[in-house]
Every structure is written in C-alpha cells, then in structure tokens.
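Peer 1: turn this into a structure:
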Amino acid sequence: MSYKVEIKKNKDGFFEMHPSEAAVIVKYRVEAVVVRADGTEIARGRKGATKLMHFTNLADATDLKRVAREAISRCTYLDPSRIDELEQILAALRTRQKLAKPSRPGTAMRPATGSSANRRPKVDAKISDLPQYRSLLYNTIEDKIAGSEMILQLAQSKVHVAQIARSDPVINALARLLFEDESRNLDLKINICRIFACMAQLSLAPALFTKNRIGGSLLQEVDLELQRYQTWKDGLAQRQHEPAELESFRKKFIHFLRKQDQFLAVALKILLLIGRDLATQTKMVKKGVVAVLARCCERSNPEVQILGLRFLLRLSLFVENLERFAQAGVVEKVARAVDQQRSREVGEYGLRLLYNLSLCPTIRQGMLKKSFTKRILPLLEDSKYCELTARLLYSMSQDSRGLRAAPDLGATCARLLARNSESHTGSGEYLLALTTNLVNHPGLAEDFAGAVKMDEVMATSLATSDAALLRIVNLVTKNVPDAKWMSEQNLSTIVKAFKTEATTEFTMECTIGLAVALEKDHCSTADVSRFCKLQTELTTKSVQARTPAELLALAYFIGALASTDKGADLLTAASMTDWLCRKLGEPDGQQEELSLQIGYALMKLTQYEPARLRIMDYPGITKVLSTNTQRASDVSRSLFEELLRHLSLVSEDIHEAWKSERFQQYNGQWLQAIATRHGNGADNIYATDDFNDDEMDLITKFGLEEIGLDLSDDLEDDDDDVEDMIERYSARTHSRLDFRS
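Peer 2: Numbering: from 1, shown residues only. Okay, here's the model as predicted:
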C-alpha cells in the first residue's frame with residue numbers, strides 16, 4: 001500500500017545569539033505525519049531541531065531591520081511578528097564584531113598560549129573541526145594546549161557541550177592527558193579542568209566522570225600541585241640569603257602561584273560537584289580529600305579557600321569523617337584562614353565549619369586546650385561575624401572550661417547587648433543563649449553586671465517583652481549580690497506583666513524575676529502589693545498554671561513569698577498551702593525540680609504557725625511527703641525526711657502515720673528482697689547463719705523496732721536546726737532551674 005510523509009514546521013521556534021560565532025541559533029520543532037493514499041493517518045512524530053543562521057559583515061551602514069525581515073522570510077517556521085527581537089540580536093552581534101580584534105594574515109588555526117596569548121587574535125572553533133582538535137591532543141605540548149583551547153571554546157557553548165560529552169574519543173583523550181601528562185603544564189590542566197567543569201552540569205556527567213575516573217585523577221593532581229607549591233616555597237626560603245637570585249625566583253614563584261590558583265579553583269569546583277553523590281564522596285574521603293582540602297585552606301587566594309571550606313563544611317555533617325578532621329589538623333588551619341579574613345565569605349564559611357566541629361566532644365576538647373575561645377573572641381564584636389561567633393562560643397560554653405578560658409567574655413557580651421539595645425536592633429538568639437550560659441557562673445555574671453547598668457537592661461527587656469534578656473537579668477540578680485534592677489518604673493512594669501492572664505515564656509520570667517527580687521530583699525511583699533492584689537493574683541495563677549514550667553515558676557515565687565511572715569500569712573489566706581500539698585501528690589508534682597521547689601516552699605511555711613497547721617490538716621499529707629522520701633535523688637529524699645521529722649515533733653498523729661508509712665515501705669522492700677533471693681534459687685534464706693554484708697544490712701534496716709523520736713523536745717529549741725536546714729536546701733533548690741538555661 002502506498003503512503004507518503006508530510007513534514008510540518010511549527011512557528012513557535014525561538015532564537016538566541018551564538019556565544020562565539022557570528023550567528024543566531026534557531027530552535028524549532030518538526031512534526032512528521034505518515035498518511036496513506038486515501039489520506040488516512042498511519043503515524044505521527046515530533047522532533048526538536050536546531051539551525052544556525054550566519055551573518056557576516058554587519059557594518060554600521062547595514063539596515064538591520066531589512067536583514068531581519070529577509071531572514072525570517074527565509075525561515076518559514078519563525079513567527080514574522082518577532083522581527084524586532086531578531087533585530088536586537090543582530091545589533092548585539094554587530095557590536096561584538098566591532099569589539100573583536102582584527103585577524104592578521106598568516107595566523108594559524110591554533111591560538112597562542114602563555115604570555116603570547118594576549119597578543120594573538122582569538123580563532124573561533126567549529127564543531128565540524130572537533131576531530132582535528134582531538135588529533136592535536138596527541139602531539140607536542142603546544143599542540144595539546146591549542147587543541148584543548150579549541151575544545152574549551154566549543155564546550156562553553158550550550159549547543160555543543162552535550163555533543164562533546166558524548167564523544168568518547170575526545171573524553172578519553174582529555175582524561176588520559178589529565179592523568180598521564182608528564183610535563184605538568186598548568187595551562188593544559190586548566191583548560192582540561194574547565195572543559196570538564198562545563199560538562200559537570202549535564203545529566204550524564206556523573207556516569208561520564210565515574211567511567212573515566214575524573215574525580216580520582218583530579219584529587220591526585222591537586223595533591224601533587226600542593227606538593228609542588230611547598231617545594232617552591234622551600235626554594236624561596238633557601239634563597240633568602242642569595243639576593244642575586246631572590247628577586248628573579250620571587251617573580252617566577254608569583255607567576256607560578258597565580259597559575260596554580262586558577263587550576264586549584266576550577267579543580268575544586270569539579271570535585272565539589274562530583275561530591276554531591278554520597279558514594280563518590282565516601283570514596284574521596286578514603287583517598288584523603290580531607291587533608292587535601294585542609295591544605296587548600298592555607299592558600300592566600302580567597303576563591304580557593306572558599307571552595308575548600310565549602311567542601312569541608314559538607315563533609316563535617318557526617319560523624320564518621322570527624323576523626324579524619326582531627327588527624328588533618330583542620331581546626332588550626334581553618335582558624336588561621338579566619339584570622340586572616342581575606343574575604344567575608346572565608347570568615348563565614350570558616351566559622352560555620354568550626355561550629356560543626358565543636359559539636360564533637362573530642363575536637364572541642366582540643367580547641368579548649370589551645371585557648372581557642374580567647375582566640376576568636378575579637379570576632380564577636382565584629383558585626384559581620386557576631387552571630388556566627390556567638391554560635392561557636394555557645395557550643396564551646398557547654399564545657400565550663402570554655403567559659404573560664406576567656407575572662408573578658410562576660411563583659412564583651414554585656415557591651416554587645418547594650419549596643420543592640422541602644423540601636424534598637426534585636427540581639428541574635430545565639431548571643432542571648434551564650435550570655436545565659438555565662439551568667440550562670442557567678443564570676444562571669446559579675447563581669448557582666450560590672451559592664452552594664454542592670455536597671456537599663458531590665459527596662460529594655462520589659463519594654464520589648466524579651467524573655468531571653470529578662471532571663472539573663474534574673475540569673476545575674478541571683479548570682480551577683482550587688483546587681484539590682486529595682487526602680488519604681490521597672491517594678492510597676494514587671495508586676496503588670498505578672499498580672500497578665502495569658503501565660504507566655506515572658507510572663508513566667510516576670511514571675512521568676514519577682515521571686516528573685518523578693519528573695520534578695522530588693523523589694524518586699526508590701527512593695528509588690530502596691531501594684532496588684534497579690535492574694536487574688538495567686539489564686540488566679542494557681543488555676544491557670546498547667547505546664548511543668550508554669551508550675552515551677554509559681555512554686556518558686558511562692559517559696560520566695562514564704563520567707564516573711566507577711567508573705568506566709570498572705571499564702572495561707574490564699575490557700576496556697578493546700579495547693580502546694582495537692583500538686584505534690586499529683587503526677588506533675590513527681591517531677592524532680594518541681595517537687596524540690598514545693599518542698600522548699602513547704603519547709604519555709606512550717607516556721608509560720610498558721611501555715612504549719614494548715615499543712616498538718618491537709619488530708620494524707622504524711623503519705624504524700626513519705627512517698628517523696630523514696631525518690632532516687634539524695635537531695636529530695638533528705639529534704640522530705642527533714643520536713644516530716646519537723647512535723648512529727650509537733651504532731652503525734654503525723655508521727656504515728658509516718659511510722660506506719662515507714663513500716664510499710666521497709667516491709668515492702670524486705671519482701672522484695674526475699675522474692676529476689678528466691679528468684680536466685682535459694683529455698684531457705686534462714687538455713688544458715690552465713691549472711692553476707694548486704695543481707696545483714698537488710699535485716700538491720702528493715703527490723704521492726706520502733707522508730708525512736710522524743711516528743712518532749714521543745715520546738716523552740718530546734719529553731720536553729722530548722723533555719724540551717726532551710727538555708728541548706730534553699731541554696732540548692734532554687735538554683736536548679738534548668739528550664740531557664
């Protein structure tokens with residue numbers, strides 16, 4: 001059966017200026033339809049096509065609109081309405097031709113290299129001559145350079161780069177030259193690397209580079225060039241005492257260094273692109289890429305440093321690579337690069353890398369041994385690096401030695417916070433976190449307090465509702481006796497925030513701030529009561545508090561109020577004693593920090609008789625307190641045992657109930673010990689008198705003798721012991737507010 005093929009060209013094609021030739025690239029779509037003689041369609045297909053339209057001798061007098069109109073009339077698949085667009089491209093072509101140097105008669109196809117390259121005209125490469133350019137790669141070193149330059153011209157064109165990448169003979173020749181070139185000519189290696197860099201963005205690049213071992217060859221060449229650099233550097237040092245040769249050698253060294261930096265930059269770009277693949281990256285790490293990149297960071301060229309730092313930053317994300325970082329001495333080399341600050345990017349990438357490395361405890365210990373904190377402290381006051389440096393110092397401050405290593409750190413952070421407050425610019429989160437860690441240490445908190453006015457810092461934190469800054473003020477106030485923020489305005493503002501119904505991190509810090517001020521006698525209960533109905537606010541807060549953080553802040557505030565008779569009277573009237581006992585028995589109260597704060601508050605309230613009676617009348621108070629004596633923490637256990645012992649001295653009911661509770665607890669432990677002994681295969685634990693020490697301790701501890709307590713003791717005689725006990729536990733408990741750190 002006869003059939004025919006109909007070819008149709010669409011008019012949706014577009015065009016662009018050729019990157020090197022005096023031509024316009026036209027891209028369009030061809031549609032082929034196969035039909036029978038009767039017109040029935042059999043098959044249909046579409047294919048993209050490209051055509052070059054060459055334009056020569058575009059002189060100033062040439063009518064570009066007429067040329068554009070004639071070109072579109074010949075290309076029927078272009079839309080006639082795009083004449084103006086083509087005219088603009090032709091104008092750009094004419095301008096480029098005018099700027100190009102005129103060619104001289106007798107110029108060879110091969111462009112000159114080296115120092116003569118600037119004096120010879122550029123010869124446009126043609127894709128049709130690609131086999132000729134490849135053949136030059138097998139001749140002398142001058143021919144190799146010339147051939148690589150012509151291939152580089154073609155590779156820089158998006159039109160031809162894919163075609164070159166699919167040409168196995170060309171790729172094989174370039175890879176062989178990169179791997180086997182004995183002349184170590186930098187011009188040749190730069191050209192080859194630039195050709196591969198043009199191909200690196202292609203989808204077929206990973207398979208192409210793996211097949212030809214481009215990554216391994218490049219890594220080896222970079223390593224060799226760094227060795228050559230060290231040889232040249234040693235040679236320069238040896239000629240310091242030979243003035244006749246020194247200047248000449250120095251000029252050669254500078255020229256070599258400039259060429260080598262070009263090669264290293266383009267080679268590292270390719271390695272960075274290849275390293276996106278994790279399997280390839282793992283192979284590169286095994287071949288020592290970390291040590292090579294670390295040496296690149298010591299170069300004086302910022303571009304080479306940045307590329308090396310970027311690659312190291314990527315590798316630092318994997319824990320398995322950190323040992324190689326330590327072996328290569330990366331920290332010291334990167335620190336020197338940051339110190340030099342040849343460019344802002346070098347400093348930023350360097351600090352980010354050092355931050356990642358500081359998260360490794362082993363590397364962080366090495367940093368601290370070399371006084372690294374003191375070394376980078378000046379960068380903290382540089383606005384370009386402040387936040388990154390604060391992040392690094394915050395990481396190092398997780399170790400207390402990192403804080404002690406820089407005595408001026410507290411004062412520096414104080415100046416920065418004050419400067420940011422004056423300029424109304426917010427302080428970065430890492431600077432605030434770093435300062436919080438600092439002021440947790442009394443010595444550094446004193447440095448901070450001595451560098452700023454605490455009342456002004458407090459006013460700023462209240463005006464901006466900055467919870468982090470207010471947390472810093474609270475910690476400084478707690479750790480430094482002379483640090484006071486108290487003023488009429490500040491007190492009014494913080495009490496107003498305390499009264500707010502909405503519970504936020506800021507309002508919780510306001511509650512803690514008031515508690516610290518009361519505890520340090522910077523203000524009194526009467527002062528606070530002037531700005532709010534404290535009893536009503538306590539009742540409201542006790543109902544609103546839900547989360548552990550809210551409960552902890554409120555318990556801390558209640559403990560501070562309980563320090564005075566007036567505060568204890570107010571707490572009793574607001575039924576806060578019942579609230580404390582109830583929360584201690586609830587699941588939330590079983591949290592270590594919250595139970596300590598509640599126990600501390602109850603201990604102080606027992607010195608006030610009305611409050612003590614309310615506590616003793618609470619149903620099941622003995623069981624609640626006795627349960628808390630079974631905690632694993634020695635601090636909690638001894639605190640609640642002391643509290644129960646104190647209440648037993650004045651209440652025989654509590655004494656008897658506690659004795660019963662202790663008997664049940666000891667009996668339960670004794671039965672558990674017996675069950676454990678049976679579980680270990682012992683049929684009769686009394687079959688022999690050969691007890692070990694642990695068993696004797698159990699029998700003695702869990703014996704049924706009566707707990708001896710002398711009820712005739714006068715409570716007033718025991719006041720000194722109770723006050724010492726409160727002082728001992730108050731210092732421990734209210735300083736353990738980890739949720740504020």
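
Peer 1: I'd like to know how far Val331 sits from Ile141.
Peer 2: For Val331, the distance to Ile141 (Cβ to Cβ, to the nearest Å) stands at 41 Å. (Glycine included, C-beta is placed from N, CA and C.)

Peer 1: these two - which one has more neighbours?
Peer 2: Applying other Cβ atoms under 10 Å to Val331 and Ile141 shows that Val331 carries more neighbours, namely 21 against 14.

Peer 1: thinking that one is in contact with Lys369, fair?
Peer 2: No: contact status for Val331 versus Lys369: not in contact, 10.9 Å apart, counting by Cβ atoms under 8 Å.

Peer 1: any common contacting residues for those two?
Peer 2: Residues touching both Val331 and Lys369 (Cβ atoms under 8 Å, 6 or more residues apart in numbering): there are none.

Peer 1: what about stretch 433-445, how long is it end to end?
Peer 2: With Cα to Cα, to the nearest Å as the measure, stretch 433-445 spans 14 Å from end to end.

Peer 1: run through who's touching it.
Peer 2: 390, 393-394, 397-398, 400, 403, 409-410, 413-414, 417, 448, 468, 471-472, 475-476, 479-480, 483, 740-741.

Peer 1: who's in contact with Ala335?
Peer 2: Ala335 touches Gly350, Leu354, Phe372, Arg375, Ile376, counting by Cβ under 8 Å, 6+ apart.

Peer 1: try 7 Å
Peer 2: Arg375 (Cβ atoms under 7 Å, 6 or more residues apart in numbering).

Peer 1: ok but it is inside a helix, no?
Peer 2: Yes: counting by DSSP: H, G, I helix; E, B strand; the rest coil, Ala335 is located in a helix.

Peer 1: quick one: which of the contacts of stretch 433-445 sit in helices?
Peer 2: 390, 393-394, 400, 403, 409-410, 413-414, 417, 448, 468, 471-472, 475-476, 479 (DSSP state H).

Peer 1: pull out the buried residues from these.
Peer 2: 390, 393-394, 403, 409-410, 413-414, 417, 448, 468, 471-472, 475-476, 479 (16 or more other Cβ atoms under 10 Å).

Peer 1: report the lowest-confidence entry in those.
Peer 2: Across these, the bottom pLDDT score, 64, is held by Leu403.

Peer 1: after the helix or strand that contains Lys269, which helix or strand is next? Please name it.
Peer 2: In the assignment (DSSP states H and E), Lys269 maps to helix 243-274. Going down the chain from helix 243-274, the next helix or strand is helix 278-286, by DSSP H and E.

Peer 1: list the buried ones in that next one?
Peer 2: Here helix 278-286 shows Thr280, Gln281, Lys283, Met284, Val285 as buried, counting by 16+ other Cβ under 10 Å.

Peer 1: please name the nearest non-neighbouring residue to Leu538.
Peer 2: Ala574 (4.6 Å; Cβ to Cβ, 6 or more residues apart in numbering).

Peer 1: report the separation between Tyr385 and Tyr28.
Peer 2: 53 Å.

Peer 1: neighbour count winner among those two?
Peer 2: Using other Cβ under 10 Å as the criterion, Tyr385 and Tyr28 rank with Tyr385 on top: 21 against 18.

Peer 1: ok so, going back, out of the buried ones among the ones in helices among the contacts of stretch 433-445, which comes closest to Glu245?
Peer 2: Proximity of those to Glu245 was ranked by Cβ to Cβ; the top entry is Leu393 with 47.7 Å.

Peer 1: now do the contacts for the closest one.
Peer 2: So Leu393 contacts Thr373, Leu380, Leu434 (Cβ under 7 Å, 6+ apart).

Peer 1: quick check: the gap between the closest residue to the second one other than its chain neighbours and Gly350.
Peer 2: Counting by Cβ to Cβ, 6+ apart, Thr389 is the residue found nearest to Leu380 once chain neighbours are left out, at 4.6 Å. Between Thr389 and Gly350 the computed distance is 11 Å (Cβ to Cβ).

Peer 1: comparing those two, which residue is more hemmed in?
Peer 2: Remark: of Thr389 and Gly350, Gly350 carries more neighbours, 30 against 25, as counted by other Cβ under 10 Å.

Peer 1: name the nearest residue to the more buried one, sequence neighbours excluded.
Peer 2: Val338 (4.0 Å).
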